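Below: sequence and its predicted model.
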Amino acid sequence: MTAQLNPRGDVAVLVPAAGAGVRLGPGAPKALRPLAGEPLLVHAVRRIAAARSVHTIVVAAPAADVESVRAMLVPVAPVTVIPGGAERQASVAAALAAVPTGPEIVLVHDAARALTPPDLVESVAEAVRGGHDAVIPVLPVVDTIKEVDATERVLGTVDRAALRAVQTPQGFRRSVLTAAHRAAGDPLTDDAGLVEKQGVAVVCVPGSELALKITRPFDLALAEHLLTLGA
Ligand code: CTP
Ligand code: MG
């Protein structure tokens with residue numbers, strides 16, 4: 001059944017899905033590869049659409065697949081599909097440009113984090129609604145982290161207590177994200193990084209293990225297993 005979005009919602013979610021998935025190995029663009037019989041993007045969009053504040057979803061698809069992605073998502077939720085760019089940042093900028101007037105909170109969420117629970121979408125949006133300009137979901141770092149030089153010689157041990165692993169969705173007051181993208185220089189892999197460069201405070205909320213980014217074949221196998229457990 002096609003999900004309904006909330007016409008009174010205040011949240012637009014941008015879904016960069018235009019990457020190739022090189023680290024996953026040869027095959028279709030990552031967002032279109034199957035996970036338990038459905039494309040990663042379908043899993044991701046279904047969960048975003050289940051978050052009650054979501055008014056608009058804009059997907060940045062691989063340029064060659066815009067029409068097929070549009071057709072694929074018709075039974076899932078009402079979404080806008082636009083062609084992405086060569087870098088993630090360009091894909092996000094293109095999706096941001098397609099957000100209609102209305103939503104004042106914008107979330108950016110990787111299609112590759114296909115099992116992200118709707119509750120995490122809501123908690124990030126709620127933190128922005130509560131007054132923060134920029135919000136990121138994070139997890140503590142579990143491994144010991146070493147800094148090394150170009151020859152893999154250890155330079156030192158970084159204090160893990162002060163480190164966080166960053167996930168998506170990342171949430172922003174719309175004007176803040178728009179200004180950050182307008183001022184953007186070299187491509188970064190996350191949007192909070194652009195906002196930090198503008199001197200805007202970024203705050204953390206608890207992330208979710210289910211929001212893992214499917215990057216390598218191991219992650220895909222883990223996601224398949226998590227689905228069998230009810231994720
Ligand atoms: N992405 C995008 N446009 C790009 C590159 C990436 O929209 N030009 C998206 C991906 O589709 C993904 C998210 O950004 O949902 C996070 O990127 P990543 O996990 O690196 O995915 P890929 O770039 O597809 O993977 P790889 O780097 O292994 O090729
Ligand atoms: Mg990439």
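Looks like it came in fine. Numbers count the residues shown, from 1 in each chain. Ligands and ions are numbered 1, 2, ... in the order given.

low-scoring pLDDT stretches of this protein, where are they?
Along the chain, no part satisfies pLDDT under 70.

wait, does stretch 146-166 contact ligand 1?
No. Between stretch 146-166 and ligand 1, judged by C-beta under 6 Å from any ligand atom, nothing touches; the nearest distance is 12.0 Å. Where you see a C-beta, it was placed from the backbone N, CA and C, and this is true even at glycine.

which other residues reach that stretch?
136-141, 143-145, 190, 192, 204, 207 (C-beta atoms under 8 Å, 6 or more residues apart in numbering).

check contacts around the residue in the chain that ligand 1 sits nearest to.
Relative to ligand 1, the nearest point of the chain is residue 19 (2.1 Å; C-beta to the nearest ligand atom). Counting by C-beta under 8 Å, 6+ apart, residue 19 makes contact with 29, 30, 31, 62, 84, 88, 91, 112.

Helix or strand: which one has residue 221?
Using DSSP states H and E, residue 221 falls within helix 217-228.

Show me what counts as buried in that helix.
By neighbour count with 16 or more other C-beta atoms under 10 Å, helix 217-228 contains the buried residues 219, 220, 223, 226, 227.

which among the contacts of residue 19 gets closest to residue 196?
residue 88 (16.4 Å; C-beta to C-beta).

neighbours of the closest one, just the number please.
20 (other C-beta atoms under 10 Å).

Would you check that it makes contact with residue 191?
No. The pair residue 88 and residue 191 fails to qualify as a contact (C-beta atoms under 8 Å) at a distance of 9.1 Å.

In three-state terms, how would residue 180 be classified?
Of the three states, residue 180 takes helix according to DSSP: H, G, I helix; E, B strand; the rest coil.

quick one, what contacts it?
172, 191, 194, 195, 197, 198, 200.

Just put those in CSV and tack on neighbour count.
Formatted as CSV, those follow (neighbours: other C-beta atoms under 10 Å):
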residue, neighbour count
172, 32
191, 31
194, 25
195, 24
197, 13
198, 15
200, 18
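
Throw those residues into CSV and include distance to ligand 1, thanks.
As requested, those are arranged in CSV below (distance: C-beta to the nearest ligand atom, whole Å):
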residue, distance to ligand 1
172, 17
191, 11
194, 14
195, 17
197, 19
198, 21
200, 22
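
of all those, which two lie farthest apart?
Going by C-beta to C-beta, the pair spanning the contacts of residue 180 furthest: 172 and 197, at 13.4 Å.

Done for today, thanks.
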